[in-house]
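**Q** Below are the sequence and a predicted model; questions follow.
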Amino acid sequence: MRVMKYAYQLREKDFGSWSECMKQAWALYRLASRMRGEVVSFLYRKTNGQFRHAFGTLMGLPSGASLNGKRLTKPSYKTMAYWDVKKEGMRCFCVERLIAVY
């Protein structure tokens, strides 16, 4: 179900063909699954055009974790939030900007 929600969100953003949307959706799903159990290295393009090589996790988030003052209680399929282990804070990126997972 999450894969389809990501795919529909990507399609609304004119990400590309349905096949490309599904490939990106599966990549996002696998990234989130891996981050629940380990620190994952991945690359995405920031809104200002720069690239960020991030080391993120969803494992053991601190109690009351928030992003921009908002508590992370409900999933968003427009962005993916994660705990940046190097910056020691919450970060997020738009789902269509994920480039690679290492």
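**A** Done, it's in. Quantities reported herein were computed from a predicted structural model and do not represent experimental measurements. Numbering: from 1, shown residues only.
**Q** ok, how many other residues are close to residue 84?
**A** Residue crowding around residue 84 was assessed by other C-beta atoms under 10 Å; the count is 16. For glycine as for every other residue, the C-beta is placed from the backbone atoms N, C-alpha and C.
**Q** center of this protein, which residue is that?
**A** By C-alpha atoms, centre = their mean, the chain has its centre lying nearest to residue 80, at 3.0 Å.
**Q** Okay, and that one sits in which element?
**A** Residue 80 is located in strand 79-84, with elements delineated by DSSP states H and E.
**Q** Please save the CA atoms from that strand in PDB.
**A** What follows is strand 79-84, C-alpha atoms only, in PDB (Å, rounded to 0.1, in the frame of the first residue of the first chain):
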ATOM      1  CA  THR A  79       8.500  13.800   1.900                       C
ATOM      2  CA  MET A  80      10.600  11.300   3.700                       C
ATOM      3  CA  ALA A  81      11.800  12.200   7.200                       C
ATOM      4  CA  TYR A  82      14.900  10.600   8.800                       C
ATOM      5  CA  TRP A  83      17.300  11.100  11.700                       C
ATOM      6  CA  ASP A  84      20.600  12.400  10.300                       C
END
